[in-house]
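S.K.: Got a predicted structure here, sequence first:
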Amino acid sequence: MRARHLHITLLLALNIMQVLPEDIVGISGNDVLLPCVFSAPKPLDVQTVRFAWDRLPDINMLIFSSGKSNIAPGYAVRISLSGQIDKGNFSLVLKNIQKTDEGNYMCYPPQHQSEQDVKLTVKEPEASPVVTEKTKSSGEEPGNTAVNLIPQKYVAFLISSSFLLHLVG
């Protein structure tokens, strides 16, 4: 009886995990992958499979049917399918994301599969450190690793190297 209870609990947990939204964080200006993957018992026939991607609440971004993609005009150059549809991968690449792309997306897979909710958060890229005359002269400019060198170690290494060469030579 305990084993059956554990089995049912595990099945419930797996079903709950399938419907939880996927949170994706992307950097403005970059591309992002919105995942939508399902197990396909056999290779799907691309000519008969039908699925869709929506930006909630009411934008039909992509409808795939009869082997062809119908993409909404505002997304025509910004989205592409990333996966192997015949293997159950309906993931979508959203290119050059902006803050206005932030929100919820829904993948509607072929029949007998649960929808997948994806939440996209867009962050601004981190600002690069500013190089000034003061930071240049002090050696603190970005990318300057010379300030991390410890001269005493290298002087000792050079002295011991020249001493060894003197002994060998």
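M.R.: Looks like it came in fine. Everything quoted here is computed from the prediction, not taken from an experiment.

S.K.: so where do the strands sit in this protein?
M.R.: In the chain, the strands defined using DSSP state E lie at 22-27, 32-34, 50-55, 59-65, 68-71, 79-81, 92-94, 103-108, 116-123.

S.K.: could you give me the average pLDDT of the second one?
M.R.: What strand 32-34 shows for mean pLDDT is 95.

S.K.: can you check the fifth one too?
M.R.: Predicted confidence along strand 68-71 averages 92 (mean pLDDT).

S.K.: So what are the sheet partners of it and their directions?
M.R.: strand 59-65 (antiparallel) (DSSP bridges).

S.K.: is it possible to export the strands of the chain to JSON lines including mean neighbour count?
M.R.: Every C-beta, even on glycine, is put in place using the N, C-alpha and C of the backbone. Below are those laid out as JSON lines (neighbours: other CB atoms under 10 Å):
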{"stretch": "strand 22-27", "mean neighbour count": "14"}
{"stretch": "strand 32-34", "mean neighbour count": "19"}
{"stretch": "strand 50-55", "mean neighbour count": "20"}
{"stretch": "strand 59-65", "mean neighbour count": "17"}
{"stretch": "strand 68-71", "mean neighbour count": "13"}
{"stretch": "strand 79-81", "mean neighbour count": "18"}
{"stretch": "strand 92-94", "mean neighbour count": "20"}
{"stretch": "strand 103-108", "mean neighbour count": "18"}
{"stretch": "strand 116-123", "mean neighbour count": "18"}
